[in-house]
Structures are given as structure tokens and as C-alpha cells.
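A.B. asks: Sequence plus the predicted model coming up.
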Amino acid sequence: MLRYIIRRLLWVIVLLIIVSMVTFVIFYAFPSADPAVLRAGRSPSPALIAHIRHTLGLDQPIYVQYWRYLENIILHFNFGYSYQFSLPVTKLIFQRLPATISLTVGAVVVWLLVGLPVGMISAIRRRTVLDRATMTATLVAISAPVYWLGLMSLLLVSNDIGVVHIFDGAGTYTGLTADPGRWFGSLILPWLVLATAFAAFYARLLRSNLIETMSEDYIRTARAKGLPEREVILRHGVRSAITPIVTVLGIDIGTLLGGAVLTEYVFNIPGVGRLAYEGIINADLPVIQGTVLFGAFFIVIANLIVDVAYAFLDPRVRY
């Protein structure tokens with residue numbers, strides 16, 4: 001197990017270097033705008049633009065820029081300075097990370113608490129009215145775009161434009177340390193909106209896996225031994241059927257920690273996803289590279305944790 005983890009961690013380093021290289025080349029070869037022009041302001045002189053390009057190191061060859069960038073990351077954990085904010089990218093990301101973590105953790109809890117029980121009940125009572133109703137509802141939830149759900153929920157219950165004011169702080173993000181009550185109220189809507197499609201997808205995935213698992217021979221053997229039906233379902237059926245759920249969960253958590261761009265933008269949450277969006281709009285290459293690398297890091301680490309968790313969830317898995 002230890003050798004496997006060490007080998008995977010080495011591959012994490014290789015993958016992050018490849019991601020940084022690809023991101024650097026894409027935004028260098030196909031820039032949406034010149035960062036020097038954006039920073040120079042309105043009607044800048046060519047001399048001012050040239051001076052800013054020299055100050056930012058944009059007049060150097062691409063391989064020199066990339067090597068300096070990679071050297072700063074490896075030796076100093078420095079992702080460069082933002083062209084827009086004139087602050088270290090690492091500082092900007094860590095300032096935004098608590099909001100993204102709050103959004104991700106809350107949404108994960110909501111969609112697991114809703115999706116898994118719905119999937120189990122539908123699998124146990126398949127082809128009933130309840131099963132058909134829940135599967136129809138999940139199909140509608142998966143089909144609804146996140147930005148549309150977010151805007152509709154803001155129109156209904158936000159503090160400023162909402163028809164009904166249910167949640168204190170809805171539509172305006174407040175930090176946990178500033179006011180825990182308003183923090184919870186400001187994140188209820190984003191949690192529900194972000195968790196809607198995920199809960200529906202997890203319910204359908206667990207339902208199909210559990211139906212297939214409950215027809216296996218070892219399930220019949222467990223029932224023949226006289227085990228209670230609840231123990232057969234939870235201990236033998238769900239434990240085997242939940243393995244694909246763990247795989248998808250690891251990828252989803254890693255992706256959301258890298259930034260839930262649409263949800264953070266709609267609800268004006270100052271998270272990593274909104275920071276990435278601002279970096280793209282302003283051609284802020286260091287911010288784009290930093291957020292992409294953090295997102296890739298969370299995804300590969302989440303996959304590693306999932307692979308290790310397999311050994312505990314499924315006794316057939318060995319490393």
C-alpha cells in the first residue's frame with residue numbers, strides 16, 4: 001500500500017507539471033488580450049506598454065517565462081503575481097479557498113443525504129409508483145441548468161429582489177468567522193442549487209447499481225442463511241453497490257474544490273471559481289494558471305484517496 005501511494009504521488013507531480021505546461025502554452029499562444037495593455041489603462045502609449053511588458057517579463061521567450069514560473073513554484077511555492085490585483089496568486093487563492101470549501105462541503109452533505117436514501121428506496125421498491133415518481137423527479141433535476149436554478153431561487157427568496165424572504169443573508173455571502181448565522185443563511189440556497197443535479201445523479205446511479213447487486217448469488221446466500229433483510233441490503237448490497245459512488249464522489253469533490261464557477265458567479269460567492277473567472281476575463285495569466293493547478297491538484301488527490309478507500313470498501317481490491 002505504501003509503495004502504491006508513493007508511486008501515485010510521484011505521478012501527481014508529473015501530471016501537475018504537464019497541466020501547468022499545457023495551460024501556459026495555451027494562454028501564451030492564444031491570448032484573449034494583452035495583459036500589458038489591460039494594465040496600462042485607456043489610450044496608453046507604446047512606450048508605457050513596452051515598459052509594463054518588460055516589468056512583467058512578457059517580453060522574454062516562452063521557455064524562459066515558463067522555466068521561471070516552474071522554478072518559483074517548486075522552490076518557493078510562488079505562483080507569481082496577479083496582473084490585475086498586484087498580489088501573490090497564492091495569497092489570492094487561499095483568501096478565496098474558505099468560501100469554496102464551505103460551498104463544497106455543504107453541497108456534498110446535502111446531495112448525499114438526499115441522493116443516497118432516494119436511490120436505495122427506489123431500488124428496493126422498483127417499478128412502484130414511488131420509484132417512478134422519484135426517477136421522474138431526478139430526471140427533471142438533472143436536466144435543470146445550475147445557473148437557471150440559481151437565478152430562479154434568487155428571484156424567489158433573496159434579500160433584495162426576492163418575493164419571499166426565508167433565509168437570512170440569502171444572495172449575499174458572509175464569512176463564517178464574521179457571522180455564523182448569516183454565513184449559514186447565505187449558503188443555504190447555493191448548497192441546494194449545487195446539490196440538486198448531483199443528488200439526482202447519485203440517486204439514479206445507486207439505484208441501478210443496487211438493483212444489479214441485489215440479484216447476485218451472495219445476496220441469495222445471505223438471505224438463505226436467515227439474515228434480516230435490512231442487514232442484507234445495507235451490509236452486503238449497499239456496500240458493494242456504493243463503490244462506483246465513491247469514485248464519482250472523489251472526482252466531484254476535487255472538481256468543486258477547484259471552483260464551482262457558475263454557482264459562485266450567480267450567488268456572488270468570492271471563491272476560487274469566481275477568481276478563475278475574473279482571471280480569464282482580465283487575461284490574468286498567473287491567476288488562471290494558479291487556479292487551474294489548484295483544481296488539478298484537488299482532483300488527482302481526490303482520486304488517490306478514492307483508490308485507497310477501495311481497499312476498505314471492497315475486500316476484493318488489493319494493492
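C.D. replies: That came through fine.
A.B. asks: so where's this structure shaky on pLDDT?
C.D. replies: Residues of the chain meeting the criterion pLDDT under 70: 1, 28-34, 38, 41, 158-171, 259, 311-319.
A.B. asks: and with 90 instead?
C.D. replies: The chain contains residues with pLDDT under 90 at 1-90, 119-132, 134-197, 209-271, 273-319.
A.B. asks: Can you tell me the centre-most residue of it?
C.D. replies: For the chain, the residue sitting closest to the mean C-alpha position, by C-alpha atoms, centre = their mean, is residue 256 at 0.9 Å.
A.B. asks: now that residue: how far from residue 146?
C.D. replies: 12 Å (C-beta to C-beta, to the nearest Å). Every residue, glycine included, has its C-beta placed from N, CA and C.
A.B. asks: list the residues that contact both of the two?
C.D. replies: By C-beta atoms under 8 Å, 6 or more residues apart in numbering, residue 256 and residue 146 have these common neighbours: residue 194.
A.B. asks: circling back: and for the helix or strand encompassing the residue nearest to the centre of the chain, what's in contact with it?
C.D. replies: Per DSSP states H and E, residue 256 falls inside helix 243-257. Identification of contacts with helix 243-257 by C-beta under 8 Å, 6+ apart yields 100-101, 103-104, 107-108, 112, 116, 194, 198, 201-202, 205-206, 209, 272, 294-295, 298-303, 305-306, 309-310, 313-314.
A.B. asks: and if you look at stretch 287-296?
C.D. replies: With contacts defined as C-beta under 8 Å, 6+ apart, stretch 287-296 is touched by 15-16, 19-20, 23-24, 27, 69, 73, 79-80, 82-85, 89-90, 92-93, 254-255, 257-259, 272-273, 275-276, 278-280.
A.B. asks: Could you pull up the contacting residues of residue 20?
C.D. replies: So residue 20 contacts 66, 69, 70, 73, 289, 292, 293 (C-beta under 8 Å, 6+ apart).
A.B. asks: Now render those as JSON lines, adding secondary structure and distance to residue 189.
C.D. replies: JSON lines is the format used below for those (DSSP: H, G, I helix; E, B strand; the rest coil; distance: C-beta to C-beta, whole Å):
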{"residue": "66", "secondary structure": "helix", "distance to residue 189": "41"}
{"residue": "69", "secondary structure": "helix", "distance to residue 189": "38"}
{"residue": "70", "secondary structure": "helix", "distance to residue 189": "40"}
{"residue": "73", "secondary structure": "helix", "distance to residue 189": "36"}
{"residue": "289", "secondary structure": "helix", "distance to residue 189": "31"}
{"residue": "292", "secondary structure": "helix", "distance to residue 189": "28"}
{"residue": "293", "secondary structure": "helix", "distance to residue 189": "30"}
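A.B. asks: Select only the buried ones of those residues in ChimeraX?
C.D. replies: Buried residues within the contacts of residue 20, by 16 or more other C-beta atoms under 10 Å, are selected in ChimeraX with:
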select :66,69,73,289,292,293
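A.B. asks: Return the member of the contacts of residue 20 nearest to residue 155.
C.D. replies: residue 292 (32.7 Å; C-beta to C-beta).
A.B. asks: State the distance from the closest one to residue 101.
C.D. replies: For residue 292, the distance to residue 101 equals 18 Å [C-beta to C-beta].
A.B. asks: Then residue 178?
C.D. replies: To residue 101, residue 178 is 16 Å away according to C-beta to C-beta.
A.B. asks: Looking at these two, which is more packed in?
C.D. replies: Between residue 178 and residue 101, counted using other C-beta atoms under 10 Å, the more crowded position is residue 101 (15 against 9).
A.B. asks: how about the more buried one, what does it touch?
C.D. replies: Applying C-beta under 8 Å, 6+ apart to residue 101 gives the contacts residue 257.
A.B. asks: Please settle this for me: is it part of a helix?
C.D. replies: Yes - using DSSP: H, G, I helix; E, B strand; the rest coil, the assignment for residue 101 is a helix.
A.B. asks: Now do the buried residues in stretch 45-54.
C.D. replies: Residues of stretch 45-54 classed as buried: 49, 52, 53 (neighbour count, 16+ other C-beta under 10 Å).
A.B. asks: So which elements touch the host helix or strand of the last one?
C.D. replies: It stands for residue 53. In the assignment (DSSP H and E), residue 53 maps to helix 46-56. Applying 3 or more C-beta pairs under 8 Å, 6 or more residues apart in numbering; DSSP states H and E, one finds that helix 46-56 contacts helix 35-40.
A.B. asks: Kindly export the helix it packs on (C-alpha atoms) in CSV.
C.D. replies: What follows is helix 35-40, C-alpha atoms only, in CSV (Å, rounded to 0.1, in the frame of the first residue of the first chain):
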residue,chain,number,x,y,z
PRO,A,35,-2.1,41.9,-20.0
ALA,A,36,0.2,44.9,-20.5
VAL,A,37,-2.5,46.8,-22.5
LEU,A,38,-5.1,45.9,-19.8
ARG,A,39,-2.9,47.1,-17.1
ALA,A,40,-1.8,50.3,-18.9
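A.B. asks: Fine by me, we can end here.
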